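S.K.: Pasted the sequence and its predicted model underneath.
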Amino acid sequence: MKLEFMGTGSIGSKRFNACMLINDCILIDAPPGVVKHLIQNKFNLGKLSAIFITHQHADHYFDLPIIIQQLVEKNIKKISIFCNQSIKESFNTMIKLAFPDVYQDFLNKININFTILEQNKKYNYKELQFTAIPTKHGDLNQCFSFMISSSNILVGYSGDTYYTDEIQYLCKECNHLILDCTKQIGDNEHMGIDNILNICNQYPDKIIYINHIGKDIDNTIQKSNNLIIPNDGDIYYLN
């Protein structure tokens, strides 16, 4: 499995907004500017075939209309989007606001296959299986983490969340964990350095990657043998 950290930061961070490219064809989250970022990284957008979205905050899905525009320009005929019901319902409004003169032409030229995520349901896509794990992020509803499996590899991707039973489940089940680390001290919206270091100590055989890194985190987090602090654009091959 190839993991490319297209972005590793939270809003307000110097890092690009958190999103990940898997096996050069699947994107987790579509934050504002991700198309520019993909182009800068010399990614062929024609390879993109699916997008999984964790939740409906602007820094996780507001580039969807730009992605559709670019795919249509490249004559790509279809894209699969896995998201919650609210995002699907808002999409036509989003693309109409983004391209009021040509949005219908775009929609006529590409088949957008929406799949509504359901709690704990498994979704097979290409050679991977995604399990939609419900997570909590303040008072926002319909938030998901993903457990991504391929043969003997299990990757947990937390999205924005605080430390919950569902995150504990991901930690127990997965070999690699990509976890929210927005805060110094975790609260009821985001995980913090305290949560991350506790997980590193509790699961020394797991590899922990922090993500959605807050603006004050980089110079304060303590090093751990099983902790990785990725930079934007870093690539990891898991086998």
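M.R.: That came through, no problem.

S.K.: Not counting stretch 218-226 itself, show me its contacts.
M.R.: Taking contacts as Cβ atoms under 8 Å, 6 or more residues apart in numbering, the residues outside stretch 218-226 that touch it are 181, 184, 193, 196-197, 200-201, 203-208, 210, 227, 229. The way it works is simple: take the backbone N, C-alpha and C, and place the C-beta from them, glycine included.

S.K.: Next: stretch 93-100.
M.R.: Counting by Cβ under 8 Å, 6+ apart, 62, 64-66, 68-69, 103, 106-107 sit against stretch 93-100.

S.K.: how does it look with 10 Å?
M.R.: Residues external to stretch 93-100 that are found in contact with it (Cβ atoms under 10 Å, 6 or more residues apart in numbering): 61-66, 68-69, 72, 87, 90, 102-107, 112.

S.K.: Now do the same contact list for H57.
M.R.: Counted by Cβ under 10 Å, 6+ apart, H57 has contacts 11, 29, 31, 137-138, 140, 143, 159-160.

S.K.: Just the ones in helices from the contacts of stretch 93-100, please.
M.R.: 61, 64-66, 68-69, 72, 87, 90, 103-107 (DSSP state H).

S.K.: For those, which entry has the maximal number of neighbours?
M.R.: When neighbours are counted by other Cβ atoms under 10 Å, Y61 leads the ones in helices among the contacts of stretch 93-100 with 27 neighbours.

S.K.: Hmm, it is touching C83, no?
M.R.: Yes - judged on Cβ atoms under 10 Å, Y61 makes contact with C83 at a distance of 7.3 Å.
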